[in-house]
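Trainee: Based on what follows, work out the 3D shape:
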Amino acid sequence: MYLAMNRFKIFKGNEEAFEEVWRNRDSRLKEVPGFVDFHLMRGPSTKEHTLYASHTIWADEAAFTAWTKSEHFRASHRNAGSNDNLYDGSPTFEGFTPVLITGRWRGDARLLGMRSGYALWWASRSASWKSFLDHICRVL
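Mentor: Predicted coordinates:
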């Protein structure tokens, strides 16, 4: 499992325009091997900006890295600079690998080892991450 996150500071009053950019974006992520899920999250606001985070979940870091070198990546980011007036600074990228997993995963190390095999297979079926977790919990 790998979590790739970008944090955006959006100038006050531009929130709806920023969200619309994402709604209309042709990311083609569902076509990418190893892609599991995507979320765009709205965070707290200050007088100057509203914080957003986009995060994708990948089967593993290698799948994410392969996507960043793909035509899918170039196509989905082709017009990224055309909305600079919405941003209060550049986006901040953060990437995470699991250290401890609780909840439905129960911290089971066997699942972490499956990330490059079974999880990749499941993700290629365009299933949701929740349905993947539900399936794994039934299997175990």
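Trainee: May I ask which helix or strand encompasses residue 36?
Mentor: Assigned by DSSP states H and E, residue 36 belongs to strand 35-45.
Trainee: Tell me which strands that strand pairs with, and in which orientation.
Mentor: Here strand 35-45 is paired, per DSSP bridges, with strand 49-58 (antiparallel).
Trainee: what does the strand it pairs with contact?
Mentor: Residues outside strand 49-58 that contact it (C-beta atoms under 8 Å, 6 or more residues apart in numbering): 1-12, 15, 18, 22, 29, 34-45, 64, 67, 88, 123, 129. Glycine gets a C-beta too; all of them are placed from N, C-alpha and C.
Trainee: Pass me the low-pLDDT residue ranges in the chain, would you?
Mentor: 103-140 (pLDDT under 70).
Trainee: center of it - which residue?
Mentor: The chain has residue 56 as the residue nearest its centroid, 1.0 Å off, counting by C-alpha atoms, centre = their mean.
Trainee: who's in contact with the closest residue to residue 70 other than its chain neighbours?
Mentor: Leaving aside its sequence neighbours, residue 70 sits nearest to residue 32 (C-beta to C-beta, 6 or more residues apart in numbering; 7.0 Å). Residues near residue 32 by C-beta under 8 Å, 6+ apart: 63, 67, 70, 72.
Trainee: ok, residue 32 to residue 51 distance?
Mentor: 26 Å (C-beta to C-beta, to the nearest Å).
Trainee: thinking again about what came up before, can you put the contacts of residue 32 in a markdown table and add distance to residue 101 and neighbour count?
Mentor: Formatted as a markdown table, those follow (distance: C-beta to C-beta, whole Å; neighbours: other C-beta atoms under 10 Å):
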| residue | distance to residue 101 | neighbour count |
| --- | --- | --- |
| 63 | 18 | 22 |
| 67 | 23 | 20 |
| 70 | 28 | 15 |
| 72 | 28 | 18 |
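Trainee: Brilliant, that's me finished.
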